[in-house]
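1. Got a predicted model here, sequence first, then my questions.
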Amino acid sequence: MAMAVAHLRESSSGSSINKYLDAGKYVRYTTEQVEALERVYAECPKPSSLRRQQLIRECPILSNIEPKQIKVWFQNRRCREKQRKESSRLQTVNRKLTAMNKLLMEENERLQKQVSQLVGENGYMRQQLHTVNASATDASCDSVVTTPQHSLRDANNPAGLLSIAEETLAEFLSKATGTAVDWVQMPGMKPGPDSVGIFAISQSCSGVAARACGLVSLEPTKIAEILKDRPSWFRDCRNLEVFTMFPAGNGGTIELVYTQTFAPTTLAPARDFWTLRYTSTLENGSLVVCERSLSGSGAGPSAAAAAQFVRAEVLPSGYLIRPCEGGGSIIHIVDHLNLEAWSVPEVLRPLYESSKVIAQKMTIAALRYIRQIAQETSGEVVYSLGRQPAVLRTFSQRLSRGFNDAINGFNDDGWSIMNCDGNEDVIIAINSSKSLSNTSNPTNALSFLGGVLCAKASMLLQNVPPAVLVRFLREHRSEWADFNIDAYSAASLKAGTYAYPGMRPTRFTGSQIIMPLGHTIEHEELLEVVRLEGHSLAPEDAFLSRDIHLLQICSGIDENAVGACSELVFAPIDEMFPDDAPLLPSGFRIIPLQSKPSDTQDSLTKNRTLDLTSSLEVGPATNHAAGDAPCQNTRSVLTIAFQFPFDSNLQDNVATTARQYIRSVISSVQRVAMAISPSGLSPAVGPKLSPGSPEALTLAHWICQSYSFHLGAELLKSESLGGDSVLKNLWQHQDAILCCSLKSLPVFVFANQAGLDMLETTLVALQDITLDKIFDESGRKALCSDFAKLMEQGFAYLPAGICMSTMGRHVSYEQAVAWKVLAADESTVHCLAFSFVNWSFV
């Protein structure tokens with residue numbers, strides 16, 4: 001019986017398996033059947049059951065195949081497609097890792113050579129200490145092998161230039177792959193398969209130097225062509241002109257090149273270079289483009305424009321481009337410059353003495369641009385509004401170049417300075433020959449009847465994050481911009497006619513729409529169109545739209561990204577702007593300054609936002625009193641430049657309006673900077689009170705004297721109670737000290753630095769904060785219960801508790817002391833003071 005049941009089960013199981021195999025058995029498809037299925041797959045990779053049945057009915061060649069088998073075919077086809085894509089991705093990652101591994105192995109080999117060299121030098125020095133006297137030892141220690149800045153060979157004939165070229169090539173290769181420069185990894189740039197490349201800066205060498213290594217999916221000749229066209233990728237390059245080119249004996253070429261670069265701010269002169277550029281191919285197939293400065297004056301600008309340039313020096317630099325197996329190239333970039341930092345004000349010298357700045361502006365920018373071109377060539381980049389990548393790049397370059405032109409105002413471009421009114425905070429420059437055109441289509445140019453006027457100024461920002469400020473300016477345009485000024489510029493570009501700004505008043509609704517056009521591969525720069533919504537105030541135009549469109553580039557808004565500066569540059573455009581639309585850029589540039597660690601004295605008061613033009617001198621920094629607190633070394637330079645087209649009959653009116661507008665923008669930016677700065681101090685605000693209050697120094701004395709009178713103890717140390725030091729020490733007191741008015745709804749009238757930091761506010765905004773807003777429920781109850789005691793005996797101790805900052809953050813404190821602040825007659829209560837002891841954010 002048991003055997004019969006087992007046999008029955010086996011028979012049943014076998015039949016079910018055979019049935020399953022028959023239903024899903026392998027089918028060998030004909031070529032025609034595969035082509036029919038592939039056509040359907042191209043239209044719909046995952047057809048529904050109804051679509052598969054329809055396919056069988058419409059295609060007779062598929063009639064002998066069951067619907068389930070067709071379903072399996074599509075499943076297998078999707079799986080093969082997925083595997084193919086994954087295989088392609090893994091192959092790409094593998095190529096990147098292989099190339100990156102090769103770079104890292106070369107870097108490791110270079111470091112091992114450097115270690116061996118240092119060990120040998122160390123042994124030699126130890127031997128010298130035992131064999132020579134102290135003076136000889138000192139002399140040997142101080143000696144440093146440096147690269148000569150200028151070759152002594154004759155640069156006036158081809159043979160001499162070829163000798164200089166070969167020497168430049170050898171020195172460049174020793175920097176790119178050898179130990180001629182002590183390279184250290186650039187902070188914030190870590191190598192990896194998804195990184196742009198490996199970046200390093202010099203630790204100790206003459207001038208400033210940076211190096212980059214990376215893998216790019218372009219051929220060496222294409223890369224060399226792009227990199228030699230420096231104005232296309234180096235935004236600070238104004239002009240590059242090849243004066244002489246002749247072939248070298250080994251198949252290479254030698255060029256004599258004159259280059260001009262823009263100054264980044266109105267406070268420094270521009271740079272120019274007279275260099276030899278040598279292009280050659282090495283025995284291993286690598287392509288090399290190296291460059292160095294030549295001695296002598298060489299080429300240069302006209303005599304009228306020469307005063308606007310300082311001749312700088314290129315030490316042996318260049319590009320080493322090696323072809324990779326399987327396609328692509330490995331690039332080594334070296335930039336080594338001497339930018340003559342002595343010619344700029346002391347506060348700006350970090351821009352010209354920092355290898356990190358050179359790496360950000362030149363070395364990293366070059367490699368990023370090459371990577372961008374490679375991705376666009378492969379079709380990896382998707383752009384909006386149907387614009388081609390090359391067109392969008394051109395827009396970005398034209399905006400940046402137009403903004404640089406406005407900042408620098410070169411004489412040979414037609415710019416001249418107007419007579420100033422004695423106040424140098426805003427510079428007004430006029431260009432009567434200015435025309436807005438794209439060189440590819442001069443017929444679309446706008447030549448203004450009067451020209452273009454530029455109003456520009458520079459400021460020093462203290463403790464203001466550049467990325468945060470530019471992000472605010474971009475997202476909250478209504479906080480600083482005048483819509484009528486934008487409307488005037490936009491109308492001038494559209495119609496070519498001019499009027500005094502604001503003659504057709506328009507109401508700005510406060511709404512702006514940002515439409516992205518494109519971005520660079522690491523999103524460090526954004527290109528976008530901004531629409532500002534407005535409506536006319538004139539009754540006859542009430543139903544007409546007064547929207548304004550701006551083409552805008554924004555960079556440096558990521559606080560964690562490595563960038564040379566943060567910028568917001570824009571220009572009015574027509575709604576349907578053509579590829580060669582005329583542009584008149586205006587905007588903001590914020591460049592962070594890196595102070596030297598040895599700087600213990602600073603020419604600026606702590607935590608302030610100042611106008612640079614009132615205090616800049618080329619030379620040593622001014623020393624302050626020993627009692628001044630050192631700066632926190634988080635400074636940056638803000639440069640503002642706005643351009644206005646004008647008619648010759650209205651030049652003076654437009655100049656007056658432009659000057660007033662720029663001062664208004666400066667005031668708005670200072671207000672914003674004060675709000676986002678941790679210190680919360682404005683340019684003109686020291687420890688200053690609201691109108692109607694006694695002077696800050698008087699109130700400081702009242703606060704300290706009342707504390708001593710009521711509590712029998714000193715708020716400040718006795719030795720700090722003389723003269724103005726009372727206010728200074730109260731301002732810098734570690735506890736948060738706040739004063740509020742005696743009204744039905746008490747508002748704050750004064751706070752020291754710690755108090756502003758605790759409330760996360762500013763002195764201006766402090767007057768909008770009421771006493772009850774900073775306490776939680778338990779804190780308000782404690783204050784109410786002790787308020788009668790406070791008014792009766794003059795002081796009260798409040799228990800530990802929690803209060804709130806204006807940003808909604810909780811602040812804990814160990815104890816709070818409240819006391820009445822008495823005026824000079826000791827009978828009038830001026831306000832109430834609170835001291836929060838040992839406060840911290842929760």
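-> Arrived safely, thanks for sending. Numbering: from 1, shown residues only.

2. Against Thr266, how distant is Cys454?
-> Using CB to CB, to the nearest Å, one obtains 10 Å as the distance from Cys454 to Thr266. (C-beta placed from N, C-alpha, C; glycine too.)

3. where do the contact lists of those two overlap?
-> Shared contacts of Cys454 and Thr266 (CB atoms under 8 Å, 6 or more residues apart in numbering): Ala641.

4. Who has more neighbours out of the two?
-> Cys454 (24 against 20; other CB atoms under 10 Å).

5. Which secondary structure element is home to the more buried one?
-> Here Cys454, judged by DSSP states H and E, is contained in strand 451-462.

6. same question for the next helix or strand after that strand, mean pLDDT?
-> Going down the chain from strand 451-462, the next helix or strand is helix 466-475, by DSSP H and E. Per-residue pLDDT over helix 466-475 has a mean of 90.

7. what packs against helix 466-475?
-> Here helix 466-475 touches strand 548-555, strand 566-573, strand 586-593, helix 651-676, going by 3 or more CB pairs under 8 Å, 6 or more residues apart in numbering; DSSP states H and E.

8. The third one vs strand 451-462, what angle?
-> Read it as strand 586-593. If you take axes from the mean of the first three to the mean of the last three CA atoms, to 10 degrees, strand 586-593 sits at 30 degrees to strand 451-462.

9. pLDDT wise, what is Pro582 at?
-> For Pro582, the pLDDT comes out at 84.

10. Quick check on it: phi, psi?
-> phi -70, psi 140 (degrees, to the nearest 10).

11. Please apply the same query to His519.
-> Residue torsions, per degrees, to the nearest 10, at His519 are phi -150, psi 160.

12. Kindly report the same for Arg322.
-> Dihedral angles of Arg322 (phi, psi; degrees, to the nearest 10) stand at phi -110, psi 130.

13. in the sheet, who's paired with Cys454?
-> Beta-bridge pairing of Cys454 under DSSP bridges involves Ala429, Gln643.

14. which residue sits closest to the residue nearest to the spatial centre of the chain, ignoring its sequence neighbours?
-> Closest to where the C-alpha atoms of the chain average out (CA atoms, centre = their mean) is Gly556, at 2.3 Å. Distance criterion CB to CB, 6 or more residues apart in numbering; nearest residue to Gly556, sequence neighbours excluded, is Ser566 at 3.1 Å.

15. what's the helix or strand for Glu86?
-> Judged by DSSP H and E, Glu86 forms part of helix 67-131.

16. those helices in the stretch 601-750 of the chain, which residues are they?
-> Assigned by DSSP state H, counting those that start in this stretch, the stretch 601-750 of the chain shows helices spanning 651-676, 696-711, 725-731.

17. quick one: average pLDDT of the second one?
-> Meaning helix 696-711. Mean pLDDT, computed over helix 696-711, is 87.

18. same check, this time on stretch 675-691
-> On average, stretch 675-691 scores 47.

19. residues in contact with Glu376?
-> Pro389, Ala390.

20. and with 7 Å instead?
-> Pro389 (CB atoms under 7 Å, 6 or more residues apart in numbering).

21. Just the buried residues of the helix or strand where it lies, please?
-> According to DSSP H and E, Glu376 maps onto helix 364-378. When neighbours are counted by 16 or more other CB atoms under 10 Å, the buried residues of helix 364-378 are found to be 364-376.

22. Any regions of the stretch 1-150 of the chain where pLDDT drops low?
-> Within the stretch 1-150 of the chain, the ranges that satisfy pLDDT under 70 run 1-26, 96, 100, 103, 107-124, 126-128, 130-150.

23. at 50 what do you get?
-> Across the stretch 1-150 of the chain, the ranges flagged by pLDDT under 50 are 1-24, 133-150.
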